[in-house]
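> Fold the following.
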Amino acid sequence: MVWLLVILPTAWVVYLFLTPAEPNEVLLRSAKLALETARTAGAVRYSESLFRDAEKLINAGWMEMSYQNGRLAPLRDYEKSDSLLMQAIKTASEATTNTQQSLSDLRTTVHNERQDLKDELNSWLQALNGSLAKLSLNRYWSMADLSAKQADRLVVAGEYADAREEMALSRTWLAKLATSMDEYNDQDSQFLKVWRRWVAETVADSRATGGSAIIVDKARHKLFLIKGGAVIHTYNCELGYNAGHQKMFSGDGATPEGKYRISAYRPRGSRYYKALNINYPNDTDRKRFSDNKSKGIISQRARIGGLIEIHGHGGQGKDWTEGCVALTNNEMDHLMKYVANGTPVTIVRRSDQWP
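Sure thing, here's the model as predicted:
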């Protein structure tokens, strides 16, 4: 019996050496695959905490596996490494699921925000198209539209977070547009009393003399023919390409605002069919031009310009002149029947009081 006490333990030890515990390589590969799946899904960006936890668990399981591999065969125990790798697979899978849900939520959010931004851009475009300040303010809208289009490209590429940043930038440009529009309207309101007075004086003079007069409302793109203090005809008109402002200097594209007279009646010899020159610059224009130079508002090299006309070739559907007022050729024929050298011409940015 004594020999059994010696042989059995020896046999057991021999057995352990011959059948050592094996590392679970399949489990390690599965854990790595789960982590790579999470990475591909975007977990590094959208579920980083879980992804990093899974990464640590795999490394810990791998190191534990290596440690056990280095031990004597009978002493190897892979239970801990298997447990760590199982946890890593579970955590990596959670990272993938969370990422997919986050992306789904983000995709919905971005879609809704993009639709709202599209509506805002369209609303502002309509507002600009109805404003004389379109030229000076349009750059803000263009920058907003550019950012919105960049956001669209990022959405197509699946870069939703970056797309939201571009949309935020687009809204920043729209906010600047809103601020500038408010400033423009405030300035406009300050001058409204002056424009009303010019209109009232022009109508009153026409009524007193029974003569003709012309009033141009830039905001409405209308030219009113007055006779005896009453509007006898209304024409659509086109203006300088930068009509939203008082004319400051030659080449600024603005149509001047003020009280003028026809200085040259030209049924022939105009580049634009027929023309009625007005006496821009008058004394008021020269003083404003000089003051603006003194204050540094305009360049010392600026010139005041001239040759502002009411002329033909209108009907183009846009403000295209260098500062003149354009009618269609037929309308020029009609208007010139009622006016002559010396006829008053009053140009206002807008007025809300008409006879």
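> switch to C-alpha atoms for all contacts and neighbour counts from now on
Fine.
> where do the helices sit along the stretch 51-200 of the chain?
Taking DSSP state H, counting those that start in this stretch, the helices of the stretch 51-200 of the chain run over residues 79-129, 134-156, 160-209.
> want to throw the ones you listed into CSV with mean pLDDT?
Below are the helices of the stretch 51-200 of the chain laid out as CSV (pLDDT from 0 to 100):
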stretch, mean pLDDT
helix 79-129, 93
helix 134-156, 90
helix 160-209, 91
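> Would you convert those helices into a markdown table that also reports mean neighbour count?
As requested, the helices of the stretch 51-200 of the chain are arranged in a markdown table below (neighbours: other Cα atoms under 10 Å):
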| stretch | mean neighbour count |
| --- | --- |
| helix 79-129 | 18 |
| helix 134-156 | 18 |
| helix 160-209 | 17 |
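> so what's the residue most central in space within the chain closest to, chain neighbours aside?
Taking Cα atoms, centre = their mean, the centroid of the chain lies closest to Ala144, which sits 0.8 Å from it. Once flanking residues are discounted, Ala144 sits nearest to Ser170: 4.1 Å by Cα to Cα, 6 or more residues apart in numbering.
> Of all the helices of the stretch 51-200 of the chain, which one comes closest to Asn236?
helix 79-129 (16.2 Å; Cα to Cα).
> what's the closest one packed up against?
Contacts defined by 3 or more Cα pairs under 8 Å, 6 or more residues apart in numbering; DSSP states H and E place helix 79-129 against helix 25-41, helix 43-46, helix 48-69, helix 134-156, helix 160-209.
> Which of those helices sits closest to Gly342?
Relative to Gly342, the nearest member of the helices and strands packed on helix 79-129 by Cα to Cα is helix 160-209, separated by 12.4 Å.
> between that closest one and helix 79-129, how big is the angle?
Put simply, helix 160-209 runs at 10 degrees to helix 79-129, going by axes from the mean of the first three to the mean of the last three Cα atoms, to 10 degrees.
> could you point out which element follows helix 160-209?
Sequence order places strand 212-217 as the next helix or strand after helix 160-209, per DSSP states H and E.
> CA atoms of that next one as PDB?
Output of strand 212-217 as PDB, limited to C-alpha atoms (Å, rounded to 0.1, in the frame of the first residue of the first chain):
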ATOM      1  CA  SER A 212     -44.600 118.900 -63.200                       C
ATOM      2  CA  ALA A 213     -42.200 117.200 -60.800                       C
ATOM      3  CA  ILE A 214     -40.500 113.800 -60.400                       C
ATOM      4  CA  ILE A 215     -40.200 111.900 -57.200                       C
ATOM      5  CA  VAL A 216     -38.100 108.600 -57.100                       C
ATOM      6  CA  ASP A 217     -38.800 106.200 -54.200                       C
END
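> Alright, calling it a day.
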